[in-house]
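Peer 1: Generate coordinates for the sequence data below:
(one chain, ligands or ions: 2)
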Amino acid sequence: MVGQAWDTDTETDRAGMDPFPVRSWFPAPARVRLEGDLVVHDYDYNERYEPEGEPPPTAGLLDAFLKLRSPVGVLRFVRSFGPLGFCEQHGELGCQREDCTEPLFAEPVDAYLALANRYRLLLASGLRLMGGAPLDETERLAVAGALLVDAAREHRWDLGLFDRWQVGTAVDSLIAQARIRPTFSWGEGRRPTFALDSPLGSGIPNAAGALALQLGRAILGTQAFSVCSTCQTPYERKKTPAPGRPNYCPTCKRDGTADRVRKQEYRARRAKESS
Ligand SMILES: [Zn+2]
Ligand SMILES: [Zn+2]
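Peer 2: Ligands and ions are numbered 1, 2, ... in the order given. All right, here's what the predicted structure looks like:
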């Protein structure tokens, strides 16, 4: 076990950068492939892909996860950040069902896509609430489910409070699901390692914990994310855009969508001014 540790000596140094550097061990990228509906990885304990002295491989993790929309995207994600630890049978992270058979070396691609969807929803909703706006009804239903939304209406709960509570609970349950915990281990190095890990079923630390923590940070604004004005995908950016100003994700800038929308809006403004 090397470099990627969170220990008491460097805790404060790291705090400014990332207070929760959750580690991830992952197989060499070449060992990951798509097989039908599964993303499959051969894990070899002797061939651990954990470059010494490099920062934890969690920079850009959330941004990459939010972009997942296809099996090839999932393959690329797992090659870069390692498997998250879904069980093959139920597609659950850190599955604890009694009938579940390990190992976690083949994961359903759909489980990645569904979780990415949930992350996009929670981040967009969280950012909207942080901006002081309520959720729209579609978002509210997607976050909380019809049963709870109906109950909230029936009991005349404050919907703003209800939305915050629901988004908060949903993010918290993702963090709980990743089962992050401080681990103390001693292996090849002279010193033991004290680190935050999220070792799901397989016992192999993975990026699920870092992902959940980054979602929380992104909603809090400690990591700058905003929602693209055209495709509605949350994406990481250096600066938070001015409120009310349209902003476009790199994909929409690249494929010309942003330009098209800007021109349409310009023409609409001109037409309004001259009428
Ligand atoms: Zn399972
Ligand atoms: Zn976009």
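Peer 1: What sits closest to residue 232 if chain neighbours are left out?
Peer 2: Counting by Cβ to Cβ, 6 or more residues apart in numbering, residue 232 lies nearest to residue 124, which is 6.6 Å off, once chain neighbours are set aside. Placement of C-beta: from N, CA and C, glycine included.
Peer 1: could you say which helix or strand contains that neighbour?
Peer 2: Using DSSP states H and E, residue 124 falls within helix 109-130.
Peer 1: list the helices and strands that helix packs on?
Peer 2: The contact analysis (3 or more Cβ pairs under 8 Å, 6 or more residues apart in numbering; DSSP states H and E) places helix 109-130 against strand 38-41, helix 61-66, helix 71-81, helix 137-144, helix 159-177, helix 208-220, strand 225-227, strand 234-236.
Peer 1: do you know which of those lies nearest ligand 1?
Peer 2: Shortest distance between ligand 1 and those, using Cβ to the ion, is found for helix 159-177: 12.5 Å.
Peer 1: Residues contacting that closest one, please?
Peer 2: 93-94, 118, 122, 125-126, 129, 134-135, 140, 143-144, 148, 152, 208-209, 212-213, 215-216, 219 (Cβ atoms under 8 Å, 6 or more residues apart in numbering).
Peer 1: chain center to the helix holding residue 124: distance?
Peer 2: Distance of helix 109-130 from its chain centroid, counting by Cα atoms, centre = their mean, to the nearest Å, is 8 Å.
Peer 1: Is that helix positioned near ligand 2?
Peer 2: No. If you take Cβ under 5 Å from the ion as the test, helix 109-130 misses ligand 2, and the best it gets is 11.4 Å.
Peer 1: mind saving the C-alpha coords of that helix as CSV?
Peer 2: Extracted C-alpha coordinates of helix 109-130, given in CSV (Å, rounded to 0.1, in the frame of the first residue of the first chain):
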residue,chain,number,x,y,z
VAL,A,109,-23.6,-1.9,-17.5
ASP,A,110,-27.1,-0.8,-16.8
ALA,A,111,-26.4,-0.4,-13.1
TYR,A,112,-23.7,2.2,-14.0
LEU,A,113,-26.0,4.0,-16.3
ALA,A,114,-28.9,4.1,-13.8
LEU,A,115,-26.6,5.3,-11.0
ALA,A,116,-25.2,8.0,-13.3
ASN,A,117,-28.8,9.1,-14.0
ARG,A,118,-29.5,9.3,-10.3
TYR,A,119,-26.3,11.4,-9.8
ARG,A,120,-27.2,13.8,-12.5
LEU,A,121,-30.7,14.2,-11.0
LEU,A,122,-29.4,14.8,-7.5
LEU,A,123,-26.7,17.2,-8.5
ALA,A,124,-29.0,19.3,-10.7
SER,A,125,-31.6,19.3,-8.0
GLY,A,126,-29.1,20.1,-5.3
LEU,A,127,-27.7,23.0,-7.3
ARG,A,128,-31.2,24.3,-8.0
LEU,A,129,-32.0,24.3,-4.3
MET,A,130,-28.7,25.9,-3.4
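Peer 1: Good, wrapping up.
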